[in-house]
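In: Let me see the structure of the following:
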Amino acid sequence: MFEEKLKELEPVFYPGSIAVVGASANSRKAGTAWVWTLMSAGFPGPIYPVGFSGGRIGDLEVYPSLKHVPGDIDYVIVAIPRQSVLEFLDDCVTRQVKAVQFFTAGFSEMDAHRGRDVEEKMVEKARQGNMRIVGPNCIGVYCPERRIPFIMGTLGDSGSVGFVSQSGGIAGKLATVGLARHINFSKGVSFGNGIDLDASDFLQYLAADPKTRVIGAYLEGTRDGARLFRTMKEVARVKPLVVWKGGRTEAGAQAAASHTGSLASSAAIWSAALGQAGAIEVYNLEELADTLLLFQQLGQWQGVRAAIIGGLADGGGGMSVSAGDACMDSGLEVPPLSIDTRKELGALLGEVGSILHNPVDVSQAQFRGLETLFRSIELVANDTAIDVVLIQEDVDIVLPIYSQKGLEDINDFFIGLRNRQSKPIVVVLPPGSAEPERLQAEQRLLKASIPVFCSMDRAARAVSNLNRYSHRQRFT
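Out: A predicted model of the protein is given here:
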């Protein structure tokens, strides 16, 4: 499905060379920043800075125009004033450029009539030259494998998560959040006004891309709703599609119109359409990242019966109650553990001061040692009534009771438990005063492919989102 898009958009995601127009040897212009970013990222092909003033950027010569660039040009990043873009596209046609990305803004998002007229002329010129346009008003392509970052951005490892965003700010933030949380991206793109290549084109590409297993999207609106929703339905049949719709409120819709020139339908219409398409709707950046992380780590695993373990290492009663509410509110089940499991937990932890049904409070283990804690958690994980184990680990409490060495031993145990049995282990690490230690623990667990969340609400919601997609796949 959509295999033709792989060849069609290869110059966008895998260009052999990149020219950056609007660069200067002696300025802080966006074009100059882009040149430095590509150089720092290690883009393997030729980079051609272009600016009328000439000079050098590092070891690279700045050419006065595209006509003076000595080699072939696959992809052009454009950061020049709006009034120059039509004439510039003529140069692109002459040089047989394959794709042009316009960072330049000030089109239909600012002036619906005059701006759209210029956009139509841009597309007409692109068609005449057999080239494609990304944007305008966007930050373009993100491809770790090809060493292409966003402007002033960094790259993580190449992975299996693709994303499409109308907003450059959202795209850039998702990339940085992903880097911090070990979400490894295959491809990403910010397409802005989408006058030529739009959400449908990029979703089709990612659906066909063998290196992408799950797709995230931030969308504000569309110029061709029928095509977009038809595409989403086709994409969601083959890969998980997680969509955050911006502009759900009146204020948000007005902002979307002035941001990317998008026409936004009502939130209810979008929600209904996304549901019919089989996409997973999320409502903010955090939930988008949470859900993509869980798909990356667990694939299309399915299971709604959650075990909740609190009290690492104290204060587990109230946290267990609220965690149970969070899971049930998100559509997960919190079934009672088997009688045999409860008996063994009672023998390990004692009946007094413990909650042994599910949620489970293991705070009494602090008086009996780490081995008792580990045995208790393993008993819960092995219970046949359980599909997934959610563990609340409060570093602020663990450190004073078990010390730094104990915290490390606990996380070693989680990693070992994940590796020796098939049930997912999900860890909740709430923020607190011991933030450096918490971040260190989070990075260690994420690196070991254990999903980590800062609250039980977010963990439960992400698990529920994954289950909703897997359930739909089974019955469609």
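
In: which outside residues touch stretch 19-35?
Out: Here stretch 19-35 makes contact (C-beta atoms under 8 Å, 6 or more residues apart in numbering) with 38, 47-51, 53-58, 60, 62, 66, 69, 73, 75-80, 88, 97, 103, 151-152. Yep, even glycine has a C-beta here, placed from its N, CA and C like the rest.

In: Then stretch 114-131?
Out: Counting by C-beta under 8 Å, 6+ apart, 82, 85-86, 89-90, 92-93, 96-100, 102, 106-109, 132-133, 136, 193, 195-196, 261 sit against stretch 114-131.

In: In helices only, show me those residues.
Out: The helices, defined by DSSP state H, take in 85-86, 89-90, 92-93 from these.

In: Could I get the pLDDT score of the residue nearest to Asp74 when sequence neighbours are not counted?
Out: Closest residue to Asp74 apart from its sequence neighbours, by C-beta to C-beta, 6 or more residues apart in numbering: Pro15 at 3.8 Å. Pro15 carries a pLDDT value of 98.

In: So what's the residue count around the residue lying closest to Phe103 once chain neighbours are set aside?
Out: Excluding its sequence neighbours, the residue lying closest to Phe103 (C-beta to C-beta, 6+ apart) is Ala79, at 4.5 Å. Ala79 is flanked by 21 other residues according to other C-beta atoms under 10 Å.

In: Tell me where the model's unsure across the stretch 101-250 of the chain.
Out: Within the stretch 101-250 of the chain, the segments meeting pLDDT under 70 span 247-250.

In: buried sites along the helix ranked longest in the chain?
Out: Longest helix in the chain by number of residues (criterion: DSSP H): helix 395-420. Going by neighbour count (16 or more other C-beta atoms under 10 Å), the buried part of helix 395-420 is 395, 397-399, 402, 406-407, 410-411, 413-415, 417-418.

In: before we move on, back to that, next step: the contacts of stretch 19-35 restricted to helices.
Out: 38, 88.

In: Filter the contacts of stretch 19-35 down to the buried ones.
Out: Here, 16+ other C-beta under 10 Å leaves 38, 47-51, 57, 60, 62, 66, 69, 73, 75-80, 88, 97, 103, 151 buried among the contacts of stretch 19-35.

In: Give me the buried entries from the contacts of stretch 114-131.
Out: Applying 16+ other C-beta under 10 Å to those, the neighbour count classes 82, 85, 89, 92, 97-100, 102, 107-109, 132-133, 136, 193, 195-196, 261 as buried.

In: Quick one: mark the members of these that sit in strands.
Out: Using DSSP state E, the members of those that fall within strands are 99-100, 102, 132-133.

In: Just send the residues you listed back as CSV, with distance to Pro335 too.
Out: Listed next are these as CSV, based on distance: C-beta to C-beta, whole Å:
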residue, distance to Pro335
Ala99, 53
Val100, 56
Phe102, 54
Arg132, 52
Ile133, 54
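
In: And the residues you listed, which is closest to Arg237?
Out: Proximity of these to Arg237 (C-beta to C-beta) peaks at Arg132, which lies at 25.8 Å.

In: which residues touch the closest one?
Out: Counting by C-beta under 8 Å, 6+ apart, Arg132 touches 8-9, 11-12, 98-100, 126, 196-197.

In: From one end of stretch 138-147 to the other, what's the distance?
Out: 18 Å (C-alpha to C-alpha, to the nearest Å).

In: swap in stretch 275-286?
Out: The first and last residues of stretch 275-286 sit 20 Å apart, counting by C-alpha to C-alpha.

In: and that stretch, which residues are buried?
Out: Buried residues in stretch 275-286, counted by 16+ other C-beta under 10 Å: 277-282, 286.

In: Kindly indicate which of those lies nearest Leu332.
Out: For the buried residues of stretch 275-286, the minimum distance to Leu332 (C-beta to C-beta) is 15.3 Å, reached by Ile280.

In: was I right about the closest one contacting Asn465?
Out: Yes. The pair Ile280 and Asn465 qualifies as a contact (C-beta atoms under 8 Å) at a distance of 5.0 Å.

In: residues shared between the contacts of the two?
Out: Residues touching both Ile280 and Asn465 (C-beta under 8 Å, 6+ apart) are 242, 291.

In: what does the domain assignment say about the protein?
Out: Domains of the chain are assigned by automatic domain parsing as 3-134, 140-298, 306-474.

In: which of the ones you listed sits most buried?
Out: Sort the domains of the chain by mean neighbour count, taking mean count of other C-beta atoms under 10 Å, and domain 140-298 sits at the top with a mean of 21.

In: and the host helix or strand of Gln297, what's its mean pLDDT?
Out: Element membership for Gln297, per DSSP states H and E: helix 285-298. Mean pLDDT, helix 285-298: 97.

In: Report the distance from it to the chain centre.
Out: 7 Å (C-alpha atoms, centre = their mean, to the nearest Å).

In: same thing with stretch 96-104?
Out: Chain-centre distance of stretch 96-104: 25 Å, with C-alpha atoms, centre = their mean.

In: likewise stretch 409-425?
Out: Taking the mean of its C-alpha atoms, stretch 409-425 sits 25 Å from the chain's own mean (C-alpha atoms, centre = their mean).

In: Next: stretch 458-469.
Out: 15 Å.

In: circling back to that earlier point, between the ones in strands among the buried ones among the contacts of stretch 114-131, which sits nearest Tyr218?
Out: Of all those, Tyr218 sits closest to Phe102, with 19.0 Å by C-beta to C-beta.
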